[in-house]
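**Student:** predicted model, plus sequence, below.
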Amino acid sequence: MKSLRQHSDDELLQSYREGNNKAFEILLERYKTKVYTYIFLIVRNRELSEDIFQDTFIKAIATIQQGRYVESGRFLGWINRIAHNLIIDHYRREKNENTFSSDGLSYDLLNQINISEKSIEDILSNEQVLSDVTRLVDYLPLSQQEVVRMRFFEDMSFKEIAERTQVSINTALGRMRYALLNMRRIAAEKDVCLDIK
């Protein structure tokens, strides 16, 4: 019989739902560094990162216990989406607390975060920015949309993308490259700022 540590994420979640708290501890241990790093790279504040990290796992536990978690084999992508939503909620609350003008301009989350200027590839590897450029994806050709969504929203590797779309890894990489170039071009045409100064 294999040890609990050798179980898949979905097996651990099932075990946790059946009352085995150790199963969730193993999941936490498995992903805590990746989730914390993901949060910290966006908010750039250790104390805030720790708060959001704790809230993320509290929300995950509540969702699982309420039977609302849908098994997908993508626990890390799911937990990162929870963290992502909590980060957005934090900045929305902060924006509302600090409102000083009623000029009706929409809030630009990107301009509130101190991130050094990066290439478009680096920016798009940060899922935070994806929340602001999601609408740009809709302007891409379908094959490029598919690769972007699989890579950034489903946390799939290029090998997995190639297998699902039945193309070579080089083709999948090429589609991503053209998608990034097209998104930069579309952003410039539509005056959407992707770079943070």
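**Tutor:** Structure received.

**Student:** list the helices and strands the host helix or strand of residue 85 packs on?
**Tutor:** Using DSSP states H and E, residue 85 sits in helix 75-97. If you count contacts as 3 or more CB pairs under 8 Å, 6 or more residues apart in numbering; DSSP states H and E, helix 75-97 packs onto helix 9-17, helix 21-43, helix 46-65, helix 127-137. C-beta coordinates here come from the backbone N, C-alpha and C atoms, glycine included.

**Student:** next, the angle from that helix to helix 21-43.
**Tutor:** 50 degrees (axes from the mean of the first three to the mean of the last three CA atoms, to 10 degrees).

**Student:** pLDDT of helix 75-97, averaged?
**Tutor:** The average pLDDT within helix 75-97 is 84.

**Student:** buried residues, that helix. List them.
**Tutor:** Residues of helix 75-97 classed as buried by neighbour count (16 or more other CB atoms under 10 Å): 75, 78, 79, 80, 82, 83, 84, 86, 87, 91.

**Student:** do the same with stretch 15-24
**Tutor:** So for stretch 15-24, counting by 16+ other CB under 10 Å, buried means 15, 16, 23, 24.

**Student:** how about the contacts made by the first one?
**Tutor:** Going by CB atoms under 8 Å, 6 or more residues apart in numbering, residue 15 touches 4, 7, 23.

**Student:** cool, thanks, talk later.
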